[in-house]
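Engineer: turn this into a model:
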Amino acid sequence: MWRLLRSHAATKTRSLFHGHSYSSRQLTPQNQDSIQEVTNILKHNNWEFLLNSSDIHKKLNPDVVRTVLHQNQIGDSKRLLGFFHWSEHKLGIQPDLDILSILAVTLCNSHLYGLACKMLERMMTMCLSPQIVLGSILSCYRECNNGSSSNPVVFQLLMDTYRKSGFLFEAAGLFLGPKEVEFLPNLLTCNSLLRDMLKANKLELFWKVLGAMSEANIPFDVYTFTYMINAHCNVGNVNEATRLLVHMGEKGCSPNIVTYNVVIGGLCRAGKLDEATDMKNSMAKKRLAPDVYTYATLINGFCAAKRPTDAKMVLSEMAAAGLKPDKYAYNALLDGLIKQGDLDEAFKVWNEMTASGVQTDLAIYRTLLNGVCKAGKMEKALELMQEMATMGIKPDSRTYTLLIEGCCRQQNMVGGFQLLEEMKKRNLEPTVITYGVLINGLCRSGNLQRASAILEEMTNMNLKPNVIIYTTLVTAYAQEGKCEDVKRILEVMGEQGINPDIICYNSLIVGLCKANKMEEARIYLGEMLERGLKPNEYTYGAFINGYCKAGKMQIADRYFSEMLGCGLIPNDVVYTALIGGHCKEGNITEAFSAFRCMLARGILPDVQTYGVLIHGLLRNEKMQEAIEIFLELCQKDLIPDVFIYNAFISSFCKHGDVEKAFQLHREMCTKGVDPNIVTYNVLINGLCKLGETERAKNLFDDISEKGLTPNTVTYATMIDGYCKYGNVTAAFKLLDEMVQKGVSPDNFVFNALLHGCCKDGNLEKARELFQEMLQKGFASTLSFNTMIDGFCKSGKLQEAKHLLEQMSGKQLMPNHITYTTLIDHYCKEGMMVEAKRFFLEMQERGLTPTTITYTALLHGYGVVGDRSEVFALFQDMVAKGIKPDKITYYMMLDTYCKEGNLVESLKLWDEMLDMSVEMTTTTYEALIHVLCLKGKYPDASRLLGEMGEKGLELSLATCGTIARGFLETGKINEAELVLGSMRRFGWVSDSTSLSDLVDNNQTDVNSKEAVRNQAETDCEDGTKNLIKQVV
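Structural biologist: Numbering: from 1, shown residues only. Below is the predicted model:
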């Protein structure tokens, strides 16, 4: 009921609605006569017959009809409504707002509320403001019978009509609008409006209406309080909701079962499951018993919180309370179990449900299908579909969408499109979600062209793609680096009025960063900022991860600092990226700093984070630090994964400590960490490097017993091991086995076999293999180098030279090893002109000769006695900034000594000391000999002492030469000192006399030629060994 407040003067009210005053209208005499004639006819029961029989229709107009209705002289509202319909139908007179208002008021006065509502509903279609409509009705209300007997329920019906038509703002506006005339709705009308606003989530309007009710002293009942509690729960304000529950009791308004269910639902959504359970238990004090909805709400809450065991206990309690769980309670439990990933338990509960007589409906089948599809059990999904058909339950679009999504998850796009066609045959229209699932599946499988075609098909069906679909496409194109397509999609989004949100921009930026398109990503970051979107942790995380992978750690650190400055908290993924990036660049200090910062912020590193740090430390030869981090990981009850174990095993094998590697292998098996094929590959490689090929083969044979299959790397490692240690026959057997098992050999395998054949001296087999490699396109520069080295070692220099010429025809570029090999072998054969030609040719090709290249040439020229070329080459080497190694130094020192050039010899000796080159007995002998030749016996004696201190032993002949030199110059004491040093170093017995040393016939051994020959031999052997290692 409405109450008309008389707080305003009648004149003021009339002035407000002046346009709706009917009594002020001026009527012509003709219209007045027509009004009277119609009124008289309407007083008869057969009024419709009389109207049709007369010519009155010729005299009717809207003013006549309006006035007849307004005056209402016949007192029969139903008959007046009939006349209105007759005039509308017969004469085509369109009603205006005044006519409808008159009828609404008149019908309410006669308690014909249903007919009055129809008039009000027609008023809604006129799209007029609530105040204009209210003004028209108010004027009519006052003027009909002077308002003395007008029924104010018309205003309540008007507000209710707005509400039922979905015009909640208009309905509230009647109550909250200008206060020229105030009407107070009754509690029932207010509660209905509050309920609908709550459903529409119009919370701001909700609280305004509630405030107006409080100001107008409209009393609240249990429904009002329940709606208020519901509103608080909807925004997560459960503390205020529970306070209101207590407050309403204090106000003498007892909460009912619905009120409690609303509070329990709010607590469940807020994750306060224990409080929700206590609330349910407290209902007994109010003599209220939980109903099916109460239990279903708790079951759903426990399932959402991943507490399915508690949910099942609630279900049992429900049954014990005499309440039969309905399909909604079971569906909530099934959904929770499936979200928890416990599919088996879900089906067990489903079987219990059907056994208890609860029928499975479409919603439950959808829940089960969602579970099996997400688990990839598509065969089970099809079984459920067959069962649905047997039960007569028809799948809907959502059902097919779940099945299509299951196929897409397994990248079975053919199956997905077959289901789409089947769906269409059943006259089920694919939805936006259906097409979104297909587009996502196509993008994940890399079929972007088909994804774009599906988007076009979707728009042709008048389905508007949402921001999620566009985000999927943007991400896919960005990851492929197709920036133009990304721009095109963003333009289409703009044309359709769809603004990219933060998720869309983040997906785009993440994709570009993964594709290493950092500059493009920065452009879109700028665009994002221009749109007023603030970067979040995912935005910064993408840039940090991208720059870390690109090795640009300064920029990554800058973004990290900016992220912290924005108050954003980096997660473990961001810290892991920083740690990995710094480790990759060798910045171990910075990596540890990021790791400790992570711990300080309370972010617990997971196994992956520890793994990244351990990998980085091992890569940078920080074994001790890696072990400490490993122990820290174990102390935190984290189990190292196979990747961490593999990193340690690989590092131990790399350093030749295979036994420690196997110890770790046993430990990981004991801890339940299954080794993968990489583990075995690393162990086999470690054994092969030590020459333990039989033990490696035993481990190789054990792989299949572990449920693993040897891959290309496994076979390649074994074959390489066999080849390096001369068992080429076994290597070729493995090659045959490899092919039989469908494992394709790669160029590494062929190169290993090629090297094995050449090393074994089997050049014919090497030729066959090499030809096969050429045909298969496996031949590389390494392959040619191997063959060239094989030919050279067999003395077939012309064939080696021919291979060098053949490389150009195969579009392969020789490298410095190619030329160094040829130069070395030509030098050994004394063919220095050809060797020099190769030396110049390699430089013409832009290849810089290495130390080994120069050493080979120096040795060659030294052998042929061309010392001037030796000196020129050495000067060229130094001028080009190529640092000599110890073999080069030994060779040049020997050459200077042979030349008798003491100045250059001593100069080179000092340089060797500065470069920490290890001095050998041969180098000391050579220098001491030239010193003796130049009469520098004191310097020779000093070097003798230096040799003894270093544990080196000078030949007796050379010692005798030094002593004889002193004696010949009359320096007996110095000669005695030489003998004393020899006794002290244990080179001669204490009984040896100076005359024994000097007079002993050591002429041949002590000759200049002997010393030089020994130096030459030492240098030559050193050169040969070093060149062999490089080749």
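
Engineer: what sits against Ala515?
Structural biologist: Counting by Cβ atoms under 8 Å, 6 or more residues apart in numbering, Ala515 touches 478-481. For glycine as for every other residue, the C-beta is placed from the backbone atoms N, C-alpha and C.

Engineer: closest one of the residues you listed to Phe643?
Structural biologist: Using Cβ to Cβ, Gln479 comes nearest to Phe643 of the contacts of Ala515, at 24.1 Å.

Engineer: how many residues are close by that closest one?
Structural biologist: 20 (other Cβ atoms under 10 Å).

Engineer: the one 4 residues further on now?
Structural biologist: Per other Cβ under 10 Å, the neighbour tally for Cys483 reads 18.

Engineer: quick one: it and Lys517 touch, right?
Structural biologist: Yes - using Cβ atoms under 8 Å, Cys483 is in contact with Lys517, at 6.9 Å.

Engineer: ranges for the strands of the protein?
Structural biologist: Secondary structure of the chain, counting by DSSP state E: strands at 3-4, 183-184.

Engineer: compare these and say which comes out lowest on pLDDT.
Structural biologist: Mean pLDDT is lowest for strand 3-4 out of these, coming in at a mean of 36.

Engineer: for Cys597, give me its contacts.
Structural biologist: Tyr575.

Engineer: just Phe652 next, same as before
Structural biologist: Counted by Cβ under 8 Å, 6+ apart, Phe652 has contacts 658, 660-661, 664, 686.

Engineer: where do the domain boundaries of this structure fall?
Structural biologist: 1-185, 466-534, 546-638, 886-1031 (automatic domain parsing).

Engineer: closest one to Ser783 among these?
Structural biologist: Of all the domains of the chain, domain 886-1031 comes closest under Cβ to Cβ, at 13.9 Å.

Engineer: pLDDT of the closest one, averaged?
Structural biologist: pLDDT averaged over domain 886-1031 gives 80.

Engineer: so what's the gap between it and the chain middle?
Structural biologist: From the chain centre to the centre of domain 886-1031 is a distance of 68 Å (Cα atoms, centre = their mean, to the nearest Å).

Engineer: next one: stretch 730-746
Structural biologist: 38 Å.

Engineer: that one: which residues count as buried?
Structural biologist: Using 16 or more other Cβ atoms under 10 Å as the burial criterion, the residues of stretch 730-746 that qualify are 730-732, 734-735, 738, 743, 745.

Engineer: what residues are up against the closest residue in space to Pro640 that isn't next to it in sequence?
Structural biologist: Distances taken as Cβ to Cβ, 6 or more residues apart in numbering place Leu633 nearest to Pro640, at 6.0 Å, with adjacent residues excluded. Going by Cβ under 8 Å, 6+ apart, Leu633 touches 607, 610, 614, 640, 644.

Engineer: now do the contacts for the last one.
Structural biologist: Contacts were defined as Cβ under 8 Å, 6+ apart; by that measure Ile644 touches 607, 610-611, 614-615, 630, 633.

Engineer: just give me the closest of those residues to Tyr826.
Structural biologist: Using Cβ to Cβ, these come closest to Tyr826 at His615, 45.3 Å.

Engineer: distance of the closest one from Gly551?
Structural biologist: Distance of His615 to Gly551, given as Cβ to Cβ, to the nearest Å: 16 Å.

Engineer: quick revisit: which pair in the buried residues of stretch 730-746 spans the largest distance?
Structural biologist: It's Ala730 and Val743 that sit farthest apart of the buried residues of stretch 730-746, by Cβ to Cβ, at 16.9 Å.

Engineer: let me know how buried Cys407 is, in neighbour terms.
Structural biologist: Cys407 has 24 nearby residues by other Cβ under 10 Å.

Engineer: I figured Cys406 hits Lys380, correct?
Structural biologist: Residue 406: Gly, not Cys. No - using Cβ under 8 Å, Gly406 makes no contact with Lys380, being 10.0 Å away.

Engineer: of these two, who's got more company?
Structural biologist: Between Gly406 and Lys380, counting by other Cβ under 10 Å, Gly406 is the more crowded of the two (26 against 18).

Engineer: next, count neighbours for Glu215.
Structural biologist: 8.

Engineer: and the gap between it and Ala304?
Structural biologist: 39 Å.

Engineer: what of Phe874?
Structural biologist: To Ala304, Phe874 is 81 Å away according to Cβ to Cβ.

Engineer: out of the two, which sits in the more crowded spot?
Structural biologist: Just comparing Phe874 and Ala304: by other Cβ under 10 Å the higher neighbour count belongs to Phe874, 21 against 18.

Engineer: just to revisit the earlier point, which among the contacts of Leu633 count as buried?
Structural biologist: By 16+ other Cβ under 10 Å, the contacts of Leu633 give 610, 614, 640, 644 as buried.

Engineer: now the second one: closest residue in space, sequence neighbours ignored.
Structural biologist: Yep, that's Ile614 we're talking about. Ala626 (5.0 Å).

Engineer: again with the first one
Structural biologist: Setting aside the residues directly before and after it, Tyr610 is nearest to Leu633 in space (Cβ to Cβ, 6+ apart), at 4.5 Å.

Engineer: which pLDDT value does the model give that neighbour?
Structural biologist: pLDDT at Leu633 comes out at 88.

Engineer: ok, now Gly82?
Structural biologist: So, for Gly82, pLDDT stands at 82.

Engineer: wait, doesn't it sit right on Asn45?
Structural biologist: No - with contact defined as Cβ under 8 Å, Gly82 does not reach Asn45; the gap is 11.4 Å.

Engineer: in the stretch 451-600 of the chain, what spans have low per-residue confidence?
Structural biologist: Within the stretch 451-600 of the chain, not a single segment meets pLDDT under 70.

Engineer: residue boundaries of the helices in it?
Structural biologist: Along the stretch 451-600 of the chain, counting by DSSP state H, counting those that start in this stretch, helices occupy 467-479, 483-495, 502-514, 518-530, 537-549, 553-565, 572-584, 588-600.

Engineer: kindly report the same for the stretch 1-150 of the chain.
Structural biologist: Under the criterion DSSP H, counting those that start in this stretch, the stretch 1-150 of the chain contains helices at 10-16, 29-42, 47-53, 62-71, 77-91, 97-109, 113-124, 130-143.

Engineer: dump those helices into CSV; add mean neighbour count and distance to Gly567 as well.
Structural biologist: CSV is the format used below for these (neighbours: other Cβ atoms under 10 Å; distance: least, Cβ to Cβ, whole Å):
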stretch, mean neighbour count, distance to Gly567
helix 10-16, 13, 54
helix 29-42, 16, 76
helix 47-53, 15, 78
helix 62-71, 20, 67
helix 77-91, 17, 67
helix 97-109, 26, 57
helix 113-124, 19, 50
helix 130-143, 22, 45
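
Engineer: and for the closest residue to Val486 other than its chain neighbours, the neighbour number?
Structural biologist: Distances taken as Cβ to Cβ, 6+ apart place Tyr477 nearest to Val486, at 4.8 Å, with adjacent residues excluded. Tyr477 has 25 neighbouring residues, counting by other Cβ under 10 Å.

Engineer: can you give me the helices in the stretch 301-450 of the chain?
Structural biologist: Going by DSSP H, counting those that start in this stretch, the stretch 301-450 of the chain shows helices at 308-320, 327-340, 343-355, 362-374, 378-391, 397-409, 413-425, 432-444, 448-460.

Engineer: for Thr656, give me the pLDDT.
Structural biologist: Small correction: residue 656 is Gly, not Thr. 90.

Engineer: list the contacts for it?
Structural biologist: 686, 689-690.

Engineer: tell me how far it lies from Gly686.
Structural biologist: 8 Å.

Engineer: could you do Val612 as well?
Structural biologist: Counting by Cβ to Cβ, the gap from Val612 to Gly686 is 23 Å.
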